[in-house]
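1. Sequence first, predicted coordinates after that:
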Amino acid sequence: MDAARVKSIALTRGASAAGIVAAGDLQEFERFAAAVASVPAGEAYLNRDIQRRKNVKNWDANAQAVLVCAFRYWEPGQDYDAAMARAGNLKEFLRATGRKVKQSPLLEAPGAKISRYALCRDYHLTVKERLAEILADIQKEFPSAEGRTFCDTSAVMEKELARLAGLGFRGKNTLLLSPELGSYFFIGGIALNFDLQADAPAEGSCGSCEACIKACPVGALKDGALDANRCLAYWTTQSKEPIPADLAAKASYAYGCDICQEACPYNKKTGSIAPGFETIK
């Protein structure tokens, strides 16, 4: 089976970028396991059956290779204020786009903002639909192909697989950074039951830049690691507990947080949004 053709199918179906990585043990797993040992209660799921994340074969025994896709959802030239104005009532908007919304005084505060990723339909739904279409197209050309899709909620190390597939490097804000796409993109993939030629891992680094670290108002970033116990995005989307008062006082976003991404030089580049991930109007 031709790896180039498989990636071409993904791009035809709307992926902004696509790469291949062979299924196998991930060296990054040890660092990940150490990091998630101290996550807050709302992310305790990361420690469940954690060994499954070490190798995608532990999640899908048939996996031989993984197709990893990026779907860009925000283009820096867009007018964020105009998008927010169209959203209207934020609680109603978030629910209408398929998201669960907890009670939060931040959402009702004047001038409340939501993260750019939340201005389109819930990506869990859209990415999985795109991946299902990609897999169906692969199976049309290669009838013996079998695959299993993942996006965010599965026990796989998505960002590391994406790095190994050449889609970007890990930035100091812990996000995957692509020289072409920045970091405003969703990651999804398909574990496939056949060998494919793997892409080279992405090379790159933030160098001496610490714009994201300096921009974070609560000091959640340090040495390339994220302290989820302080991260505003965690407290406004995942935590079932109220946000601590000292953090709430520094929160400019009521749902999610884009501050570290706004500061990143890689997010200054313009580029097209993946079809189906446009801001809802």
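-> All right, it came through fine. Since the model is a prediction, treat every value here as computed from it, not as a measurement.
2. May I see the buried residues of stretch 63-77?
-> For stretch 63-77, the neighbour count (16 or more other Cβ atoms under 10 Å) marks 63-76 as buried. For glycine as for every other residue, the C-beta is placed from the backbone atoms N, C-alpha and C.
3. closest to F186 among these?
-> Checking the buried residues of stretch 63-77 against F186 with Cβ to Cβ, the nearest one is F71 at 4.7 Å.
4. which non-adjacent residue is nearest the closest one?
-> A274 (4.1 Å; Cβ to Cβ, 6 or more residues apart in numbering).
5. ok, how many other residues are close to that neighbour?
-> By other Cβ atoms under 10 Å, the residues close to A274 number 24.
6. correct me, but it touches R13?
-> No: if you go by Cβ atoms under 8 Å, A274 and R13 don't touch, sitting 9.6 Å apart.
7. Now for the two: what residues contact both?
-> With contacts taken as Cβ atoms under 8 Å, 6 or more residues apart in numbering, the residues that reach both A274 and R13 are R130.
8. need the contact list for the residue lying closest to R163 once chain neighbours are set aside.
-> Leaving out its chain neighbours, the residue that sits closest to R163 by Cβ to Cβ, 6+ apart is A202, at 5.4 Å. Neighbouring residues of A202 by Cβ under 8 Å, 6+ apart: R163, L164, G166, L167, G168, F169, S178.
9. top of the residues you listed by neighbour count?
-> Most neighbours among the contacts of A202, by other Cβ under 10 Å: L167, with 28 neighbours.
10. now the buried residues of stretch 63-77 as CSV including secondary structure, pLDDT and distance to I259?
-> Supplementary listing: the buried residues of stretch 63-77 in CSV, determined by DSSP: H, G, I helix; E, B strand; the rest coil; pLDDT from 0 to 100; distance: Cβ to Cβ, whole Å:
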residue, secondary structure, pLDDT, distance to I259
A63, coil, 98, 36
Q64, coil, 98, 40
A65, strand, 98, 36
V66, strand, 98, 31
L67, strand, 98, 32
V68, strand, 98, 27
C69, strand, 98, 26
A70, strand, 98, 22
F71, strand, 98, 22
R72, strand, 97, 20
Y73, coil, 97, 17
W74, coil, 96, 14
E75, coil, 92, 19
P76, coil, 85, 15
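11. Of those residues, which is the nearest to R130?
-> Set against R130, the nearest of the buried residues of stretch 63-77 by Cβ to Cβ is F71 (6.6 Å).
12. does that closest one really touch V127, like I thought?
-> Yes: shown here, F71 and V127 form a contact pair, counting by Cβ under 8 Å, at 6.0 Å.
13. Common neighbours of the two, please.
-> Joint contacts of F71 and V127 (Cβ under 8 Å, 6+ apart) are F186, G188.
14. On the three-state scheme, L135 is what?
-> Following DSSP: H, G, I helix; E, B strand; the rest coil, the label given to L135 is helix.
15. burial of it, as a residue count?
-> Neighbour count for L135, taken as other Cβ under 10 Å: 21.
16. ok, now D122?
-> Per other Cβ under 10 Å, the neighbour tally for D122 reads 16.
17. same for the helix-or-strand element of the chain with minimal mean pLDDT, what does it pack against?
-> Lowest on mean pLDDT, DSSP states H and E among the helices and strands of the chain sits helix 105-108, with a mean of 88. Contacts defined by 3 or more Cβ pairs under 8 Å, 6 or more residues apart in numbering; DSSP states H and E place helix 105-108 against helix 90-96.
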